[in-house]
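Asks: let's see this in three dimensions:
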Amino acid sequence: MELKVLVSIVLFIDSVVSTSDQPFDYNSQGTVVAKLGTSHGSYCTITNAIFDANSKQFVYKNYNSDHESCKGRLPTLWSVQNRVSISDLQCHKTYDVGHTYTVFFFYASSYYHLHTETLMPLYAATEWPKSSQMAERVWEKAMPFRTNEGQQIFMPVATVNNQNMKIDWNTTAFDKDDSFWVQMAQFPARNHTFLPLTENVAANGENICFKKLNIGMISYNNTNPSFIKAFGSYVKKELGIKPLPPFDQPVIGLIRRTNRRRILNEFELTKALNKVAKTVVLDFYYMDYYEQVRAMQQLSVLIGMNGAGLINAVYLPSYAVAVQLVPYKANVNWRFYGDMLRARGPYMEWHNKDKSRHRQNLELDPSNSNADTDIDIEEIVDLARSAIGMAEEHRMMVYRNEL
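Replies: As a prediction, the model looks like this:
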């Protein structure tokens, strides 16, 4: 059975709508720099580029271009062309900086892909460089064309084939502004403009010019404590979520999973945890992005089976403990979560080592990535007690540092 992956491409522009301080220079040579990107291609920067609405291509002037070094590392969906002259193309709108990149729409129900493939690398490219003077100096070496100026705009496009990706200009993926994934995709552009790059944009015949165009998603380090903490703080600030004062009594959050990697004895586990501390069961399926981030602020401990919902731990208070539960010999990315959540703050991990508690359907799950677990309640209760003690210790450290 062929796996269909719907990918969206997003054009993200920094500028003050269609009026730039300086007019677009049709005579300037475009320059190209290719850098390490995410797993879906390199990260390329092109200066003096134009989106040609007629040909649906990004073009730039340079007859001695090193574009091929960049093009060879980009997915086939990017259509970029260098020309001897671009003076025949009129700029209907001009922006200082633009960014085009992919968003994996097929996985939009997964917090994991929206965070790791979209929000985090986008934050790395736009906001993280501004977070400290040290980051600024380091980033300037890696981003020779970076600018601090400008507003931003998204222009998404979709494809349905991950192996031979081609743009679906007639996509309806972005028609519902109130859909969960569109709200998350729009989040980095909260103070800017969001305009899907679809047939409607191309059909109006208006060319968009960029003094600098970034293509792809830049690589970022999810194990860098400064980056992960800054990302979480940035999201909470932009959502208007303020830290809550520590509760007199600890609160445990238990993530509910309903489709795979489930905790089969969740009811019994919740009952036992409630004897240790107030425990709330979190069903993220029924929460929007804001609600999920806000729910983290009341917790001292977050416990969850390996899976997308656990990435919400990056939004926990600094002293709170994230606890990852891993199924028996599971073929899952638990190390990725562990590395990232250790960078975030206090972290604990539990692996099911008892095969008798393992519930795998070999026919449906031969890779052993989706098995359910009959949790050892006594072990998790002991782990929760230790996590509460760790959270209290870190809370006091934070309190002393604030004095």
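Asks: quick check: the closest residue to Pro23 other than its chain neighbours vs Ser179, distance?
Replies: Excluding its sequence neighbours, the residue lying closest to Pro23 (C-beta to C-beta, 6 or more residues apart in numbering) is Thr94, at 6.9 Å. Every C-beta, even on glycine, is put in place using the N, C-alpha and C of the backbone. According to C-beta to C-beta, to the nearest Å, Thr94 and Ser179 sit 31 Å apart.
Asks: surely the residue nearest to Pro23 forms part of a strand?
Replies: Yes. Judged by DSSP: H, G, I helix; E, B strand; the rest coil, Thr94 forms part of a strand.
Asks: so it touches Cys209, yeah?
Replies: Yes. Contact status for Thr94 versus Cys209: in contact at 4.5 Å, counting by C-beta atoms under 8 Å.
Asks: quick check: neighbours shared by the two?
Replies: Common contacts of Thr94 and Cys209, defined by C-beta atoms under 8 Å, 6 or more residues apart in numbering, comprise Phe24.
Asks: doesn't Tyr347 make contact with Gly386?
Replies: Slight slip there: residue 386 is Ser, not Gly. No. Assessed by C-beta under 8 Å, Ser386 is found out of contact with Tyr347, at 12.0 Å.
Asks: before we move on, back to that, and for the residue nearest to Pro23, the neighbour number?
Replies: Number of residues near Thr94 (other C-beta atoms under 10 Å) recorded here: 21.
Asks: let me know the secondary structure of Thr279.
Replies: Classification of Thr279 by three-state DSSP places it in strand.
Asks: for the residue nearest to Pro23, give me the pLDDT.
Replies: At Thr94, the model reports a pLDDT of 86.
Asks: contacting residues for Lys278?
Replies: Residues near Lys278 by C-beta under 8 Å, 6+ apart: 249-252.
Asks: any idea how far it is from Phe247?
Replies: Distance from Lys278 to Phe247, by C-beta to C-beta: 8 Å.
Asks: try Met305
Replies: Counting by C-beta to C-beta - Met305 and Phe247 are separated by 25 Å.
Asks: got it, and Lys212?
Replies: Distance from Lys212 to Phe247, by C-beta to C-beta: 47 Å.
Asks: who's more crowded, those two?
Replies: Lys212 (22 against 12).
Asks: the more buried one falls within a strand, correct?
Replies: Yes. Checked against three-state DSSP, Lys212 lies within a strand.
Asks: that one against Val97, yeah?
Replies: Yes. Using C-beta under 8 Å, Lys212 is in contact with Val97, at 4.7 Å.
Asks: how does the protein divide up, domain by domain?
Replies: 7-220, 234-402 (automatic domain parsing).
Asks: how about the longest helix along the chain: buried residues?
Replies: Looking across the chain with DSSP state H, the single longest helix is helix 377-402. For helix 377-402, the neighbour count (16 or more other C-beta atoms under 10 Å) marks 380-381, 383-384, 387-388, 390-391, 394-395 as buried.
Asks: export those to CSV and append columns for pLDDT and distance to Val80.
Replies: Below are these laid out as CSV (pLDDT from 0 to 100; distance: C-beta to C-beta, whole Å):
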residue, pLDDT, distance to Val80
Ile380, 97, 52
Val381, 98, 57
Leu383, 98, 51
Ala384, 98, 53
Ala387, 97, 50
Ile388, 97, 54
Met390, 96, 50
Ala391, 95, 50
His394, 88, 48
Arg395, 85, 51
